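Engineer: have a look; sequence and predicted model below, questions after that.
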Amino acid sequence: MEQRKRAYYNDNWFNFSDAVQHRDNYRCVKCGRRKGEIILQTHHKKYRKGLEPWEYPLSDCISLCKGCHAKEHNLIEPSDGWTLISIDDLGGLYGTCEKRGCGNEIRYEHLIYHPNWGYKTVGSTCVEYLTQEDQYLSSEVVKTLRKISDFVQNTYWEVGTTKKGNRYLYTTHLYHEIRIYGKENYYSFQIALKQKGVRWFEFGEFIPAKNKTLDQVKELGFIFLKEKITENYEEKEILRNMYKKIKP
Ligand SMILES: [Zn+2]
Ligand SMILES: [Zn+2]
Ligand SMILES: [Zn+2]
């Protein structure tokens, strides 16, 4: 089975990091190798306490390949000042926690970053490097990712037919409906919202979901619907973010 991967990213970091790498023509400034040949990372030449990694002036940062980056760093791992960059749902225990002395198999891969050290991947129970705020965000994201995988794995879909005779799949979530039309790689979906006490649905536009598998379209539909109906502000933000990343 294909290993599914759903992620939440910190856009601030990705935008900042991309600006640095763009300036360096997407090459390691030490060895000159190019992104794609190697994994290119953004390195902070100095650490300024209290700043988020993306709040530094661009001139504080350079692009380095993973190998050259590792050589730039001291061997003493900082105990605070880590920032959460992304959380990936690997769909199973396919990851490994890199916190020293842990090594557990993990499902929710937390990529954390320190301007004085670089990247590291840890599990949901080893995120104590993070600030309180990031830990809270992490648990919100993990909760959301869990809801998405539960939905995809446990929801029963029925087959319907349009007036023109086209088949579609549909399911309901809290009275609202998600419909999926088309076939592998050419799917589109539609959300039908139901107001309390009203008998009819309010049908939204058809949203194309090209080059997606059926499970991916189910996820997209759920994320899109949930983002519309949730009243939890953090959850809305997280879902909107995920949708932006997964949609293209
Ligand atoms: Zn290099
Ligand atoms: Zn670095
Ligand atoms: Zn761990």
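Structural biologist: Structure's in. What do you need? Residues are numbered from 1 along each chain as shown. Ligands and ions are numbered 1, 2, ... in the order given.
Engineer: wouldn't residue 65 be in contact with residue 40 here?
Structural biologist: Yes - contact criterion Cβ atoms under 8 Å: residue 65 and residue 40 qualify, at 6.1 Å. The way it works is simple: take the backbone N, C-alpha and C, and place the C-beta from them, glycine included.
Engineer: anything in contact with each of the two?
Structural biologist: residue 28 (Cβ atoms under 8 Å, 6 or more residues apart in numbering).
Engineer: please enumerate the strands of the protein.
Structural biologist: 6-9, 40-44, 61-65, 83-89, 95-96, 105-106, 108-114, 118-122, 158-161, 167-173, 176-181, 186-193, 202-203, 207-210 (DSSP state E).
Engineer: JSON lines for these, including mean pLDDT, mean neighbour count and distance to ligand 1?
Structural biologist: Below are the strands of the chain laid out as JSON lines (pLDDT from 0 to 100; neighbours: other Cβ atoms under 10 Å; distance: least, Cβ to the ion, whole Å):
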{"stretch": "strand 6-9", "mean pLDDT": "81", "mean neighbour count": "20", "distance to ligand 1": "24"}
{"stretch": "strand 40-44", "mean pLDDT": "95", "mean neighbour count": "22", "distance to ligand 1": "9"}
{"stretch": "strand 61-65", "mean pLDDT": "96", "mean neighbour count": "23", "distance to ligand 1": "3"}
{"stretch": "strand 83-89", "mean pLDDT": "91", "mean neighbour count": "21", "distance to ligand 1": "21"}
{"stretch": "strand 95-96", "mean pLDDT": "94", "mean neighbour count": "16", "distance to ligand 1": "25"}
{"stretch": "strand 105-106", "mean pLDDT": "96", "mean neighbour count": "18", "distance to ligand 1": "29"}
{"stretch": "strand 108-114", "mean pLDDT": "93", "mean neighbour count": "22", "distance to ligand 1": "18"}
{"stretch": "strand 118-122", "mean pLDDT": "91", "mean neighbour count": "19", "distance to ligand 1": "13"}
{"stretch": "strand 158-161", "mean pLDDT": "95", "mean neighbour count": "10", "distance to ligand 1": "54"}
{"stretch": "strand 167-173", "mean pLDDT": "94", "mean neighbour count": "16", "distance to ligand 1": "48"}
{"stretch": "strand 176-181", "mean pLDDT": "96", "mean neighbour count": "20", "distance to ligand 1": "45"}
{"stretch": "strand 186-193", "mean pLDDT": "94", "mean neighbour count": "19", "distance to ligand 1": "41"}
{"stretch": "strand 202-203", "mean pLDDT": "88", "mean neighbour count": "12", "distance to ligand 1": "53"}
{"stretch": "strand 207-210", "mean pLDDT": "92", "mean neighbour count": "16", "distance to ligand 1": "37"}
